[in-house]
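[1] Dropping the sequence and predicted coords here.
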Amino acid sequence: MSALINLTNISKAFLTEEIETRALNGINLTIEQGEYVSLSGQSGCGKSTLLSLLGLLDAPTQGQYMLAGSDVSQLSRDQRATIRSEKIGFVFQSFNLISDLSVFENVMLPLTYQSGLNKAEITKRVDVVLEKVEMSHRKNHFPSQLSGGQQQRVAVARALVNDPAIILADEPTGNLDSKNAQAVLALFDKLHQEGATICMVTHDPASAKRASRCLEMFDGCLIKDQRNVNNTAPSHKAELAAS
């Protein structure tokens, strides 16, 4: 494996009403290609801020962020958006599907920002990722016609369609019942086994332990970095049928 992400002395401060709040304090972190990393900690500890920086939704106040060998620490908003569309896939707690678009159209959406793709190529890419998440049979349905677990699988397909370097998931099971949560986690297990790099924010200890590496934060600092060398995720086959 080689380093995909390398953070050196990353800090993030927010200024509100002349009061500075430090959300991140001197974060040093390397994530290798193919790793499945969980990020946990109490509410307000900085894990969502860190995920936003990893996803180039925001920039650090200080420090260096190397992504796939390039320094992305202080890019403009437009530059960050370009790299996000090419290298990063997002999965959110609230699914963020567009209600008046079909499953196929929702998954296709990120490809509309890429030039040089014809209709046949777009259709092929969407069909491949829908097959991967076992949602091909629902591609003409709308989000309101799907269960929560199915909606989240569509959201995962949308994150995959650009073949991103890393998938960032922010509490991906937070709005799901236990059965559908297990199905989505099983899908993440499968993607990891196929070589995907994943970083998942979660408050659930059991979900965190499914990752190959567990990070824990407290007051804007990383306080734990544990590799699950003998991690054996449950078989995904039975769980995928749950939702």
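    Now that the structure is in, tell me what you want to look at. Numbering: from 1, shown residues only.
[2] And the pLDDT for residue 229?
    Predicted confidence (pLDDT) at residue 229: the value is 65.
[3] Then residue 38?
    On the pLDDT scale, residue 38 gets 96.
[4] and it, what are its bridge partners?
    residue 200, residue 214 (DSSP bridges).
[5] Might you report the residue contacts of it?
    Neighbouring residues of residue 38 by C-beta atoms under 8 Å, 6 or more residues apart in numbering: 199, 200, 201, 202, 207, 208, 209, 210, 211, 213, 214, 215. Every C-beta, even on glycine, is put in place using the N, C-alpha and C of the backbone.
[6] which residues of this protein score low on pLDDT?
    1, 229-243 (pLDDT under 70).
[7] ok, residue 6 touching residue 30?
    Yes - if you go by C-beta atoms under 8 Å, residue 6 and residue 30 touch, sitting 5.0 Å apart.
[8] Neighbour count: those two, which is higher?
    residue 6 (17 against 13; other C-beta atoms under 10 Å).
[9] distance of that one from residue 92?
    Using C-beta to C-beta, to the nearest Å, one gets 25 Å for the distance from residue 6 to residue 92.
[10] just residue 141 next, same as before
    20 Å.
[11] Spatially central residue in the chain, please.
    In the chain, the centroid-proximal residue (C-alpha atoms, centre = their mean) is residue 168; its distance is 1.6 Å.
[12] Could I get the contacting residues of that one?
    51, 54, 55, 88, 89, 90, 91, 199, 200.
[13] wait, is it part of a helix?
    No - under DSSP: H, G, I helix; E, B strand; the rest coil, residue 168 falls outside any helix and is assigned strand.
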